[in-house]
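Q: here is the input, now give the coordinates:
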Amino acid sequence: MADTLDALRSLMASHSPPLDALIVPSEDSHQSEYVSERDKRRQFVSGFTGSAGLALVTISGAFLWTDGRYFLQATQQLSDKWKLMRIGEDPTVEIWIANNLPKDAAVGIDPWCVSVETAQRWELALSKKNQRLVQLSVNLVDEIWKDRPVAQASPVTVQPLEFAGQAVSDKLKDVREKLAYEKAHSIIITALDEVAWLYNIRGNDVAYNPVVHAFAIVTTESAFFYVDKRKVSSEVHDHMVQNGIEIREYSLVESDVSLMASGQLGVGEEVNHHITWIDPHSCCLKLYSKLASDQVLMQQSPLSLAKAIKNPTELDGLRKAHVRDGAAVVQYLVWLDNQMQEIYGASGYFLEPKETRERKKLGTTKLTEVTVSDKLESFRAKQEHFRGLSFPTISSVGSNASVIHYAPEPETCLELNADSIYLFDSGAQYQDGTTDITRTVHFGKPSDHEKACYTAVLKGHIALDIAVFPNGTTGNALDVLARVPLWKDGLDYRHGTGHGVGSYLNVHEGPHLISFKPHARNVALQSSMTVTNEPGYYEDGYFGIRLENVLIVKEANTKFNFGEKGYLSFEHITWAPYQKKLMDLNLLNPKEIEWIDSYHSTCRQVLAPYLNEQEMAWLSKATEPINACA
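A: Just a heads-up that it's a prediction; the model follows:
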């Protein structure tokens, strides 16, 4: 890592002008949250593997900004050459630069990897000290990354109408209507999931995210698809032609944006002045710089919200995918419960031991966070329409469960332990929907404190699930519901409570979210959106607890309709039991117990067709009414 920093600083010093600092963000040319292996530049220079973060390299220092999900992970992964900057606690990168670097400092950025919104925010902060951003013609990290992975030519596939639910022609018609309304002539679509959704295609360019490295440009008369043509089969070619979409090489997008700016792209005759719509949060500075500032409409992409509001076909597919996924999770729990008892002498999912027991079968294969995670994937892989995982499975025991986005590695992962909490957060990509579920379990004797914490998380989980709220409510207003039971004990968690989920697309999908973060105030929840419900609690070095279901926002049937707004509520579509052994029943009120019993009853009904006799017997016991158990 020291050699990497030295090499970067050498390039910074020899650059014209010499650079006082270099910003290395996590994002790619599409401002993606999750990127391909060859685009993990920030990970390469810092050693930090989390999905969110930003590196700043100066002549004498190296700094890594990340959010609360990754504080603990970053402290474990960063070398002593790096200083961790905690987002929300430490100054932002632009404020730090303004306060710590000299006047007239030159800060290097790759304009492909920085959004317009971010660049303008940085420029404003830096201008106060006459500091400036320098747009680099080549990415300096790429210059020193000698074994950088090569670009893969993974094939593009068509997402059939039976799963997409809306034809490309109808989507293009809607986009053009929005262009006309905004008096714009064209739009540049840069977010990978928006391109995939608009053109009803999928791909395999980014692990766990079925997207294609591609841009799209739609004008009032034309549509273009910028992609490595090696990825385009005859089926995809025909699909594009039938929908009036011209396929262009990926590398031509920059020059075509320049042509569009001069009215020479996608028009029947030359246009002297027209407006191009870009989303400042997903469009990179490189493409924006090709446009005249008075010819740009900068606002959220119309596809962002259109994609988030699922059509009936997508909702039906998501419900079905979650049932099959729930069956896989139950099969996994049955298997794991049996293995923990067989190998480790654990009391199991249902019983609490009177005392700790020794490992039962010393010669048998041990269970690790990775081997059990692989087993969970094998259960999912047997389900209809399975296409892969939706993110790396978080399979974590004891202290590792306190690392919010922990990713186990075969060489360093822990062995399972009957006396420790086990948390698994996982999901799958099915062609009819994307899933995301978290459950926390204990196969031995949980402490009273662990039970109290689990129950507080569960109470917040239930409170959000049963919420009824007026149209126009944002996720920021609802976030508190999941935290109040924890706050009562002086506890909290450092992550949002919910994110949108794609329809065989990215597992993290906006523009809405349920969070304490300010931008959660920007988009109201609407009927037919999906969103997760995932409160948690984490004690560094000891344990972590999280419970997660996927919800669909639906219209609520309220007695009154104050303000004629209409009211909304949630439908949960995730199906797997909550462990009653981890609940402190004294902390649950009758309505919460009724909710748990009702949820468990539905679990039995919807999962029964997918389970064998042994699995069904286990699920029946796991979902017995609480009062009957007591």
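
Q: residue nearest the centroid of this protein?
A: His508 (2.9 Å; Cα atoms, centre = their mean).

Q: let's see the pLDDT reported for it.
A: On the pLDDT scale, His508 is placed at 97.

Q: same question, the one 4 residues further on
A: The score at His512 is 97. That number is its pLDDT.

Q: which ones are touching it?
A: Ala308, Thr474, Gly475, Gly500, Ala520, Val523, Ala524, Leu525, Gln526, Met529, Val531 (Cβ atoms under 8 Å, 6 or more residues apart in numbering). Where you see a C-beta, it was placed from the backbone N, CA and C, and this is true even at glycine.

Q: do that again at 7 Å, thanks
A: Ala308, Gly475, Gly500, Val523, Leu525, Met529, Val531 (Cβ atoms under 7 Å, 6 or more residues apart in numbering).

Q: what's whichever strand or helix holds Val334 packed up against?
A: Assigning secondary structure by DSSP states H and E places Val334 in helix 312-344. In terms of contacts (3 or more Cβ pairs under 7 Å, 6 or more residues apart in numbering; DSSP states H and E), helix 312-344 is packed against helix 369-381, strand 428-430, strand 433-434, helix 590-607, helix 613-622.

Q: so for that helix, mean pLDDT?
A: For helix 312-344, the per-residue pLDDT averages 98.

Q: please apply the same query to stretch 454-469.
A: Rounded mean pLDDT across stretch 454-469 is 98.

Q: buried residues in it?
A: Neighbour-count burial for stretch 454-469, with 16 or more other Cβ atoms under 10 Å as criterion, is recorded at 454-465, 467, 469.

Q: and which of these is nearest Ser262?
A: Nearest to Ser262, judged by Cβ to Cβ, of these is Phe469 at 48.1 Å.

Q: who's the closest one bridged to?
A: Leu568 (DSSP bridges).

Q: contact partners for it?
A: Leu478, Tyr567, Leu568.

Q: ok, so of those residues, who is nearest Leu297?
A: Leu568 (30.0 Å).

Q: neighbours around that closest one, how many?
A: 22 (other Cβ atoms under 10 Å).

Q: what do you get for the one 4 residues further on?
A: The tally of other residues near His572 (other Cβ under 10 Å) stands at 16.

Q: tell me the contacts of it?
A: So His572 contacts Asp465, Asn549, Leu551 (Cβ under 7 Å, 6+ apart).

Q: give me phi/psi at it?
A: phi -90, psi 140 (degrees, to the nearest 10).

Q: who does it form a beta bridge with?
A: If you apply DSSP bridges, the partners that His572 bridges to are Leu551.

Q: read off the pLDDT value for it.
A: 98.

Q: would you check that Gln31 makes contact with Leu285?
A: No. With contacts counted by Cβ atoms under 7 Å, Gln31 stays clear of Leu285, the gap being 10.3 Å.

Q: still on that earlier bit, and of the contacts of His512, the nearest to Val107?
A: Distances from Val107 to the contacts of His512, taken by Cβ to Cβ, are shortest for Val523, at 31.2 Å.

Q: isn't the closest one right up against Pro511?
A: Yes. Counting by Cβ under 7 Å, Pro511 is a contact partner of Val523 at 4.6 Å.

Q: rewinding a little: now the contacts of Phe469 in CSV, please, with extra columns for distance to Leu198 and pLDDT.
A: Output for the contacts of Phe469, formatted as CSV (distance: Cβ to Cβ, whole Å; pLDDT from 0 to 100):
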residue, distance to Leu198, pLDDT
Leu478, 29, 98
Tyr567, 32, 98
Leu568, 27, 98
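
Q: ok, so of these, who is nearest Cys113?
A: Leu478 (33.1 Å).

Q: circling back to that earlier point, mind checking the backbone torsions on the residue nearest to the centre of the chain?
A: phi -100, psi 120.

Q: residue ranges with poor pLDDT in the chain?
A: Applying pLDDT under 70 to the chain flags residues 1-2, 266-273, 355-364, 628-630.

Q: determine which stretch of the helices and strands packed on helix 312-344 is the most buried.
A: strand 433-434 (a mean of 30; mean count of other Cβ atoms under 10 Å).

Q: for the helix or strand just after that strand, which outside residues touch it?
A: With elements assigned by DSSP H and E, the helix or strand that comes after strand 433-434 is strand 437-441. For strand 437-441, contacts defined as Cβ under 7 Å, 6+ apart pick out 325, 329, 349, 421-427, 454, 534, 545-549, 574, 576, 579, 582.

Q: now, those residues that are in helices?
A: With helices taken from DSSP state H, the overlap with the contacts of strand 437-441 comprises Asp325, Val329, Tyr454.
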